[in-house]
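# Curious how this folds, go ahead:
(chains A and B, ligands or ions: 2)
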Amino acid sequence: MEPKEFKSITEKRKEVLATLENFGLRIYEQMEKGIFPFIEMPSRSTENIYYDPKFRQFILGDKKVRRSTRNIRHLKPFAQLVWAALFSYELTSQRKTSTLRDVYYSAQAYEMTFKDQQESNNIITDLETILGFSREDFNIFPEERSAVFGDLTIRYTVPGYEGKTLNLTSHPDGVMIGPALTSAEFVETTADKVIAIEKGGLFTRFIEENVHKKFNAILVLTAGQAPRATRHFIRRLNRELGLPVYIFTDGDPWGMHIAMVIISGSANAAHLRDLTTPDAKWSGVWATDIVKYKLPTDPLDEIDMKRLYELQKDPRYKEDPLWQREIRTFMKIKRKAEQEAFSRYGLTYIVDEYLPAKLEETK
Amino acid sequence: MAQATFEEISASDFFYRNRDIAGFTNPTRAIFAAIRELVENSLDAAESIKVPPDIYVRLSFEGEASEETQIYKLRVEDNGCGVPPRYIPSAFGQVLYSSKYKLKQQRGTFGLGGKMAILYGQITTHEPATIISSTSPLSKIYMYKLMIDIQRNRPIILDRKVLLNKEGWRGTIVEFSLEGDYLRAMPKILEYFKQTAMVNPYANITFVDPKGRLYKFVRATTVMPDPPKETLPHPYGVDVELLQRLIQITPYNNMLEFLKNHFHRVGEITARKFLEFSEISPSKNPKKLTHEEVVRLAQMLKKFKEFLPPDASCLSPLGEELLKTGVLKELKPEFVAVHQRKPATYAGHPFIVEVAIAYGGEIPQRGGFVIYRFANRIPLLYDEASDVSVKVINAMNWRRYKVTPDMPIAIVVHICSTKVPYKTVGKEFIADRPEVRREIANGLREVARQLQRFLSRREHVDRERKRLGVFSKYLPRIAEFSTRLAGKEKPPDIEKLLRSVKRFGAEGV
Ligand SMILES: Nc1ncnc2c1ncn2[C@@H]1O[C@H](COP(=O)(O)OP(=O)(O)OP(=O)(O)O)[C@@H](O)[C@H]1O
Ligand SMILES: [Mg+2]
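Numbering: from 1, shown residues only, chains lettered A, B, ... in the order given. Ligands and ions are numbered 1, 2, ... in the order given. Next comes the predicted model:
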């Protein structure tokens, strides 16, 4: 297991700050010596992205790119990068958070401009690649927010709340997985598993039906494709607390892939670690469940089918025979079903019958 | 059927009836044409005695004529050669009377312009014209009040005065009233002055308009182009009519001497060769040639291939320096290239094409080239689309020179010739002769190449400047950010880096 995530949040912050400082120092010294500052980092181009079966995620290969300020085309991005590092340093040291959108606008206060949001996003990704931390570590958070509910007590580290604890059952809508929760330390839990759910409706139903109690689970709402902070949070639940993770999505190629990204990550984040939970399980809705439970379905359309063919060839889907079996079944039945489809057997059927069966099946 | 009646009309009557062809089409055109004709006479008059022209033009409001037109008094004063008193009445009161029916380059050619202006004033206001002139600081000043007897094409002298010339003045003042529409004509008139100042950069021109506004075009030099020499007709340009006139006046009684003395670039050897070629005896008396023989002589003169081309001493082009001065003075461009072609001929008439291309500065960007056309230092302002220069410019492949119509570019084409191939007596546009077309095209290619060189050099300099700009913008920022990030007190010394960028740049990499 990687030691990093067992460091306390405060320690981690110190480490992030030191890394940023070092980055600045390296450039400072290069200039002092009269050389044009440069940096080297792994290339993120598609031909340098490999699937690593050991890590069970995408990683970057050996190809490096060199950014040198001698090259006029690199000069502006380089300045943007150093600015982004300084900005991140200030955020982290002042314990303030911001978003990618903020970054884009904040630059203007420093007379640094980004052409568009995409350009500033790229610079932040460069910084992640160079430093080996994800942007949440230097307090830049996504806009999308997902939520968590269950018997887990956390301790805040954000200014004004430092030391305060909260039990994550305290709000019936769940607690948003935002910057404060992401940087919180885990204190204690009685749960013995994590259940991640794709859709808000079902997440609320599970809380109403006391799934957290009945199954001793922490419930996580991914709200569609899980944001990176949420993926990181799920990983922490798994690694720091040793809880198995079960993922419930719609029964279609897209739902299947939501589970996959939580398990094995995405190619976009090949430069980062600590975002995957390789031992998490996709518990449903499987294609075979659609058959077995005779669920009401919709036909798979052309785009769905195309996506299935893509996924079939994806290295992440070759890890476990389950994936290939389900893909083949989808292709055969050419149907898909939503999680809500279980309501045909009554509102509580999914909690009373399906959930326990699947938790057992994917244990 | 009514019987056809025949009558003869005079030259003045003809032009009175057909004033359109001289440019006096309507009250707007007329006021423009009147100013133009008088200013051109004044320029000719000053240049003929190699004096940098000082021309004063005043147009003053006299009264309303109709709803859209007014009566104006036009006064044009110059420091030119003046007109000897005995010629004044005819020069200003008799159509087709001129001192310029010579084979040398002058603005005036038809013996018509000034009179058309006066004639137009007379028929619209019924007032006489006043001419005041002195031919030398030592001579007296003569003043005439004239009208034109249109039917007889004769001046009518209403008054004549001789004045003392205490101030030693030399020049001419022409003053008369005419009907016109100044407001409409104003843009063209001002454009005319501006362009005149461009091709006559050694002239001072002052214009006071009816509202009392003063427009001053100040000379940028006192250097004037070499004046043209009068020349003999070139054999290629000769017709039966001209031959007959020459035969009538010649004092020579043999063909050899006749050819040698009356034709341009014909010497002993050429004359003999020609006579052999056309099987005419050198000793033949030209006065004894029959009509048929004269016709044949004219034909042979055109057929003979060995006449030397006419030389250009009868021409007075502006020259590259003066053209450049004029363009810089009136257009204030960032760059100008000028080129003068070698003399060429069409139909036995020598001509020289001068072109200029000007870029940037105060030249407007309007989605097409601004074209300035000149002939014998006269701006041509009307009928642009029919002009040969415009045709050549439009036909040219500008992209080859990396030039596009959306660039701020002005093109100047000046044609000078003893006989400019005008299409009308209004002197507005030049006919499309292949020889002229070729010269214009070659001239334009040359200046286009120079412009291309300028543009690419400038692009290079721009790129360098931009490149340096990027370094001096971002290196200090990087220094600043990394200093703060590293928690240092003072920023690293980046002067060395910046210097090396400059050195690097100077090598043109
Ligand atoms: N300002 C002047 N100074 C001296 N001579 C003049 C002046 N204006 C006119 N003349 C004389 O009067 C003559 C007639 O002028 P006019 O303008 O009618 O004809 P032109 O200039 O000879 O030919 P064009 O019809 O082409 O203008 C001229 O040839 C010239 O000799
Ligand atoms: Mg004239």
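# Which parts of the chain belong to which domain?
No chain specified, so I'll use chain A. A:2-141, A:192-361 (automatic domain parsing).
# To clarify, I was referring to chain B.
Taken from automatic domain parsing, chain B resolves into B:11-217, B:235-303, B:320-450, B:455-508.
# Tell me which stretches of the stretch 301-450 of chain B form helices.
Taking DSSP state H, counting those that start in this stretch as the criterion, the stretch 301-450 of chain B carries its helices at B:320-331, B:388-395, B:434-486.
# Only the C-alpha atoms, please, for the shortest one, written as PDB.
Once side chains and other backbone atoms are set aside, the C-alpha atoms of helix B:388-395 remain, and they are given as PDB (Å, rounded to 0.1, in the frame of the first residue of the first chain):
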ATOM      1  CA  VAL B 388      -6.100  51.900 -69.300                       C
ATOM      2  CA  SER B 389      -4.200  52.100 -66.000                       C
ATOM      3  CA  VAL B 390      -7.200  50.800 -64.100                       C
ATOM      4  CA  LYS B 391      -7.600  47.900 -66.500                       C
ATOM      5  CA  VAL B 392      -3.900  47.000 -66.100                       C
ATOM      6  CA  ILE B 393      -4.100  47.300 -62.300                       C
ATOM      7  CA  ASN B 394      -7.100  45.000 -62.300                       C
ATOM      8  CA  ALA B 395      -5.600  42.500 -64.600                       C
END
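# ok, residues contacting that helix?
B:369, B:371, B:373, B:384, B:411, B:413, B:415, B:429-433, B:436-437, B:440-441, B:444 (C-beta atoms under 8 Å, 6 or more residues apart in numbering or on different chains). (Glycine included, C-beta is placed from N, CA and C.)
# Buried ones from those, can you make that a PyMOL selection?
Burial among these is assessed by 16 or more other C-beta atoms under 10 Å in any protein chain shown; the matching PyMOL selection reads:
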select buried, chain B and resi 369+371+373+411+413+415+429+430+436+437+440+441+444
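# just the strands in the stretch 201-350 of chain B please.
Using DSSP state E, counting those that start in this stretch, the strands found in the stretch 201-350 of chain B span residues B:204-208, B:214-217, B:335-340, B:344-346, B:349-359.
# can you tell me the helix or strand for residue 133?
You didn't say which chain, so I picked chain A. Residue A:133 belongs to no helix or strand when assigned by DSSP states H and E.
# my question was about chain B
Short version, using DSSP H and E: residue B:133 is in strand B:129-134.
# Just give me the neighbour total for the residue nearest to residue B:308 when sequence neighbours are not counted.
Leaving aside its sequence neighbours, residue B:308 sits nearest to residue B:265 (C-beta to C-beta, 6 or more residues apart in numbering or on different chains; 4.4 Å). Residues contacting residue B:265 under the criterion other C-beta atoms under 10 Å in any protein chain shown number 15.
# hang on, residue B:265 packs against residue B:313?
No - look at residue B:265 against residue B:313 with C-beta atoms under 8 Å: they stay out of range, at 10.7 Å.
# quick one: secondary structure of residue A:218?
strand (DSSP: H, G, I helix; E, B strand; the rest coil).
# what sits against the nearest residue to residue B:337 once chain neighbours are set aside?
Leaving aside its sequence neighbours, residue B:337 sits nearest to residue B:450 (C-beta to C-beta, 6+ apart; 3.6 Å). Each residue near residue B:450 by C-beta under 8 Å, 6+ apart is listed here: B:337, B:339, B:357.
# The first one: neighbouring residues, count only.
By the other C-beta under 10 Å criterion, the neighbourhood of residue B:337 contains 21 residues.
# Which strand residues bridge it?
residue B:357 (DSSP bridges).
# just to revisit the earlier point, of all the strands of the stretch 201-350 of chain B, which one comes closest to ligand 1?
With C-beta to the nearest ligand atom, the closest approach to ligand 1 among the strands of the stretch 201-350 of chain B belongs to strand B:204-208: 13.7 Å.
# starting at the chain centroid, how far to the closest one?
18 Å (C-alpha atoms, centre = their mean, to the nearest Å).
# which bits of chain B sit near ligand 2?
B:41, B:108, B:113 (C-beta under 5 Å from the ion).
# what do you get if the cut-off is 8 Å, keeping everything else the same?
Residues of chain B lying near ligand 2 by C-beta under 8 Å from the ion: B:37, B:40-41, B:44, B:98, B:100, B:107-114.
# Sitting in strands, which of the residues you listed do you find?
Using DSSP state E, no member of these falls within strands.
# Quick check: mean pLDDT of stretch B:323-338?
Across stretch B:323-338, pLDDT averages out at 96.
# List the buried residues of that stretch.
B:323-331, B:333, B:335-338.
# re earlier: I'd like the distance between the residue nearest to residue B:337 and residue A:255.
70 Å (C-beta to C-beta, to the nearest Å).
# Equivalent analysis for residue A:132, please.
For residue A:132, the distance to residue A:255 - C-beta to C-beta - is 32 Å.
# Looking only at neighbour counts, state which of the two leads.
More crowded of residue A:132 and residue A:255, by other C-beta under 10 Å: residue A:255, with 24 against 15.
# is it true that the more buried one touches residue A:198?
Yes - contact between residue A:255 and residue A:198 holds when scored by C-beta under 8 Å: they sit 5.9 Å apart.
# got any residues that touch both of these two?
residue A:249.
# Pull the contacting residues for the residue in chain A that chain B sits nearest to.
Using C-beta to the nearest C-beta, the closest approach of chain A to chain B is made by residue A:24 at 2.5 Å. Applying C-beta under 8 Å, 6+ apart to residue A:24 gives the contacts A:82, A:85-86, A:89, B:481-487.
# Alright, I will stop here.
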